[in-house]
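**Q** show me how the following folds:
(2 chains)
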Amino acid sequence: MSEPLVTRVAPSPTGDPHVGTAYMALFCFALSRTTGGRFILRIEDTDRTRYQADSESQITESLHWLGLDYDEGPDVGGPNGPYRQSERTEIYREHVQRLLDSEKAYRCFCTSERLTEMRHAQRARKAPPGYDGLCRGLLPEDIEAKVADATPYVVRLKVPKDRTIGFIDELRGKVEIHGKEIDDQVLMKSDGFPTYHLANVVDDHLMEVNEVVRAEEWITSTPKHVILYEAFGWDLPRFRHMPLLRNKDRSKISKRKNPTSLLWYKANGYLPEALVNFLALMGYSGADGEEMFSREQMLADFDTKRMSTSGPVFDLEKLGWLNGEYIRADSEDDLARRLLAHWAYRTSTGHEPDPAVDGALYDWITRNGGFESDSVETLIRATMPLVQTRIKTLEEYAPLTRCFFLDDIRGYGPEDLVPKKRELDATKDVLRIMRTKLAGLEHWTTSSVEEALRALVDELGWKPRELFQAARVAITGSKVSPPLFESMELIGPATCLERIDQALDL
RNA sequence: GCCCCUAUCGUCCAGCCUGGUCUAGGACAUCGGCCUUUCAAGCCGAAAACACGGGUUCAAAUCCCGUUGGGGGUACCA
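**A** A predicted model of the protein is given here:
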């Protein structure tokens, strides 16, 4: 086992919490946990223009939801805080000054207009784009003068253009890029905020991060960071660039082509265990080829040798299957409680029930005392055996079980009620006989109902599927439903008979 | 364009480091069958891949080179 690894996940609060953040967090978590190190959450909120106020709490909430608990972070504290970059501006300012003093960086007074113009010109003559270094050679007195009259400026990194800068990527091996390919990166913007490159390096060092885990898209900027570490005289951390999650067309995963918000997965009834498991499967393989494993099982035999480098396509279909597996693996009690908690969460986040989908369920819960009510839990619990193998997400429960919660199931037509090659009148005759028979039942249980209906099959000469279709539609309102006899027991004799009467009125 | 990363079934992973055991294994999805009151679940089965070209070697999915494809980067975004 290696030294204790200190890792960090460093999302920007610029929108919904991203599935890529969870992906990085998972591997940071595994790396630090299995080496006895620490895992840090740092909020990189240096881009004031894209900042969104509620984003940070959504990130922390989502990470906790997934069980990817960090040891240090803005909401849990830690020895090397603050963990929000916007609260560390003074630290960056000092470090920039150090770079300026040691001439590893320089002030650049170029306006954005000039830079745009410069790029146009470069493109026009097919030259590689990049800062042309105009301010790199500014005389000290010129700089002083401009500073004195408050000309806005940025601070740029003085990149050595005469040598190769390299680093060892833990996943990919040696990576080298020549200095002339590297732009004189802006380290501090004219608004006084640092850019990612500066803040990231300074914070990683100050927070004692010794293994930088991040997405592949950062590989080409890593040499800039190497230069910074060298300029400060700091030891290099290890770098591990994870593959990028991809859309179906293999481009970097984006919200236009995939649900990327962790909030979306929660709202749509995915289980955190399933999401984490699925993310782990992206670029990682279990020890024995096992596909279903918990966080704990993953940690138990975690091995960086089984991490791969090529960008996996994010396949919602497979996530759905895994989610179904987890739903089926749950105990019926746990699943019932999960559902209730899910609907309570949905309600608390302003979910508007759809009458055609889940309106009946929410109405019924409200009428019966709400999410906390025992009678609600009891009935939900009673439906578990009927639905557990039939839903892949928590959200699929409501549309599947409308017949239990709806007052009036009418809305189907004869084309549903009447089996192929049978007539409406004949079907009604059958239903009438069925009604009489059911009404005479002494006990109303799954088996007594089944016995009665099966006897009818023999008596009337209808095929089982024909007779059960008519009964199913009459009682549940749909040709597709949970198992008929169990459903009838739950719905109860009074309602069942009433619904048969309604079918007879068709 | 330039730089960097990458390449096994449609998709996710094994196998590659340490060449032979690979007529390439598992999973999702697909298709077929069984079970069956619908739909699922479950069980059984089928189809489906080593990007291409050169080397090295008795032997290459595995090692080397090149090509091609895919991705990323090339901002006072992260």
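
**Q** who are the packing partners of the strand or helix carrying A:Ile475?
**A** Using DSSP states H and E, A:Ile475 maps to helix A:464-476. Here helix A:464-476 touches helix A:414-417, helix A:424-439, helix A:446-460, helix A:484-491, helix A:493-504, going by 3 or more Cβ pairs under 8 Å, 6 or more residues apart in numbering; DSSP states H and E. All C-beta spots, glycine's among them, are computed from the backbone N, C-alpha and C.

**Q** looking at the ones you listed, which is buried most?
**A** For the helices and strands packed on helix A:464-476, the largest average neighbour count (mean count of other Cβ atoms under 10 Å) is found in helix A:484-491, namely a mean of 20.

**Q** may I have that one exported as PDB, CA atoms only?
**A** What follows is helix A:484-491, C-alpha atoms only, in PDB (Å, rounded to 0.1, in the frame of the first residue of the first chain):
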ATOM      1  CA  LEU A 484     -54.400  -9.500 -10.900                       C
ATOM      2  CA  PHE A 485     -55.500 -11.600  -7.800                       C
ATOM      3  CA  GLU A 486     -53.100  -9.900  -5.500                       C
ATOM      4  CA  SER A 487     -54.200  -6.600  -6.700                       C
ATOM      5  CA  MET A 488     -57.900  -7.500  -6.200                       C
ATOM      6  CA  GLU A 489     -57.100  -8.500  -2.600                       C
ATOM      7  CA  LEU A 490     -55.500  -5.100  -2.000                       C
ATOM      8  CA  ILE A 491     -58.300  -3.200  -3.700                       C
END
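
**Q** residues in contact with that helix?
**A** Applying Cβ atoms under 8 Å, 6 or more residues apart in numbering, the contact partners of helix A:484-491 are A:379, A:382-383, A:385-386, A:403-404, A:444-447, A:449-450, A:453, A:468, A:471-472, A:475-476, A:481, A:496, A:499.

**Q** that one to helix A:446-460, inter-axis angle?
**A** 130 degrees (axes from the mean of the first three to the mean of the last three Cα atoms, to 10 degrees).

**Q** what pLDDT, on average, does helix A:484-491 get?
**A** Mean pLDDT, helix A:484-491: 97.

**Q** what of stretch A:426-436?
**A** On average, stretch A:426-436 scores 96.

**Q** now do stretch A:86-93
**A** Averaging pLDDT along stretch A:86-93 gives 96.

**Q** do it and RNA strand B meet?
**A** No - on the criterion Cβ under 7 Å from any atom of the strand, stretch A:86-93 is out of touch with RNA strand B, staying 10.4 Å away.

**Q** for the helices and strands packed on helix A:464-476, which one sits closest to A:Tyr270?
**A** Among these, helix A:484-491 comes nearest to A:Tyr270, with 26.5 Å by Cβ to Cβ.

**Q** isn't A:Leu379 up against A:Thr401?
**A** No - in this structure A:Leu379 lies outside contact range of A:Thr401 using Cβ atoms under 8 Å: 10.0 Å.

**Q** ranges for the strands of chain A?
**A** Using DSSP state E, the strands of chain A run over residues A:6-9, A:38-41, A:105-108, A:154-157, A:164-169, A:173-178, A:186-188, A:211-215, A:238-242.

**Q** show me what the first one packs onto, helices and strands only.
**A** The contact analysis (3+ Cβ pairs under 8 Å, 6+ apart) places strand A:6-9 against helix A:19-33, strand A:38-41, strand A:211-215.

**Q** still on that earlier bit, most tightly packed of the strands of chain A?
**A** Per-stretch averages of neighbours, counted by mean count of other Cβ under 10 Å, single out strand A:6-9 among the strands of chain A, with a mean of 27.

**Q** given that strand, what are its sheet partners and their directions?
**A** Under the criterion DSSP bridges, strand A:6-9 sits next to strand A:38-41 (parallel) in its sheet.

**Q** the partner strand close to RNA strand B?
**A** No - figure legend: strand A:38-41 not in contact with RNA strand B (Cβ under 7 Å from any atom of the strand); closest approach 13.0 Å.

**Q** RNA strand B contacts on the stretch 351-500 of chain A?
**A** Those residues of the stretch 351-500 of chain A that sit near RNA strand B, judged by Cβ under 7 Å from any atom of the strand, are A:389-390, A:450, A:464-465, A:468-469, A:472, A:479-486.

**Q** buried ones among the residues you listed?
**A** A:390, A:450, A:468-469, A:472, A:481-482, A:484-486 (16 or more other Cβ atoms under 10 Å).

**Q** tell me the domain boundaries of chain A?
**A** Taking automatic domain parsing as the reference, chain A has its domains at A:6-85+A:246-306, A:88-242, A:331-401, A:414-505.

**Q** how many neighbouring residues does A:Lys248 have?
**A** 12 (other Cβ atoms under 10 Å).

**Q** oh, that last question was meant for A:Asp334, not what I typed.
**A** A count of neighbours around A:Asp334, defined by other Cβ under 10 Å, yields 11.

**Q** ok, it - contacts?
**A** Contact partners of A:Asp334, counting by Cβ under 8 Å, 6+ apart, are absent.

**Q** ok, A:Pro160 next?
**A** Contacts of A:Pro160 by Cβ under 8 Å, 6+ apart are A:179, A:227.

**Q** ok, it to RNA strand B distance?
**A** 15 Å (Cβ to the nearest atom of the strand, to the nearest Å).

**Q** ok, A:Ala494 next?
**A** Distance from A:Ala494 to RNA strand B, by Cβ to the nearest atom of the strand: 21 Å.

**Q** show the low-confidence segments of the stretch 101-250 of chain A, by residue range.
**A** For the stretch 101-250 of chain A, no stretch has pLDDT under 70.

**Q** up against RNA strand B, what does it have?
**A** A:110-112, A:115, A:119, A:126, A:128-131, A:152, A:154, A:171-178, A:181, A:183, A:186, A:189-191, A:193, A:195-196, A:216-221, A:243-244, A:246, A:249-250.

**Q** OK, contacts around A:Val449?
**A** A:438, A:441, A:485, A:488-489.

**Q** setting aside sequence neighbours, what's the nearest residue to A:Leu26?
**A** Distances taken as Cβ to Cβ, 6 or more residues apart in numbering place A:Leu279 nearest to A:Leu26, at 5.4 Å, with adjacent residues excluded.

**Q** my read: A:Ile253 touches A:Pro259, true?
**A** No - counting by Cβ under 8 Å, A:Ile253 stays clear of A:Pro259, with 9.8 Å between them.

**Q** and for the two, which residues touch both?
**A** A:Val19.

**Q** now do the contacts for the residue nearest the centre of chain A.
**A** Nearest to the geometric centre of chain A sits A:Leu262, at 2.9 Å (Cα atoms, centre = their mean). By Cβ under 8 Å, 6+ apart, the residues touching A:Leu262 are A:16-19, A:21-22, A:58, A:62, A:65-66, A:275.

**Q** which of those ranks first by neighbour count?
**A** A:Pro17 (27 neighbours).

**Q** tell me which of the domains of chain A sits most buried.
**A** By mean count of other Cβ under 10 Å, these have domain A:6-85+A:246-306 as the most buried, with a mean of 19.

**Q** how long is it end to end?
**A** End-to-end span of domain A:6-85+A:246-306 (Cα to Cα, to the nearest Å): 20 Å.

**Q** same deal with stretch A:235-246?
**A** 33 Å.

**Q** tell me how far that stretch lies from the chain's centre.
**A** Chain-centre distance of stretch A:235-246: 20 Å, with Cα atoms, centre = their mean, to the nearest Å.

**Q** how about stretch A:494-506?
**A** The answer for stretch A:494-506 is 45 Å, by Cα atoms, centre = their mean.

**Q** what about that stretch, average pLDDT?
**A** On average, stretch A:494-506 scores 95.

**Q** any chance you could list what contacts it?
**A** For stretch A:494-506, the surrounding residues in contact (Cβ under 8 Å, 6+ apart) are A:409-410, A:413-414, A:417, A:424, A:428, A:431-432, A:434-435, A:438-439, A:470, A:473-475, A:477, A:488, A:491.
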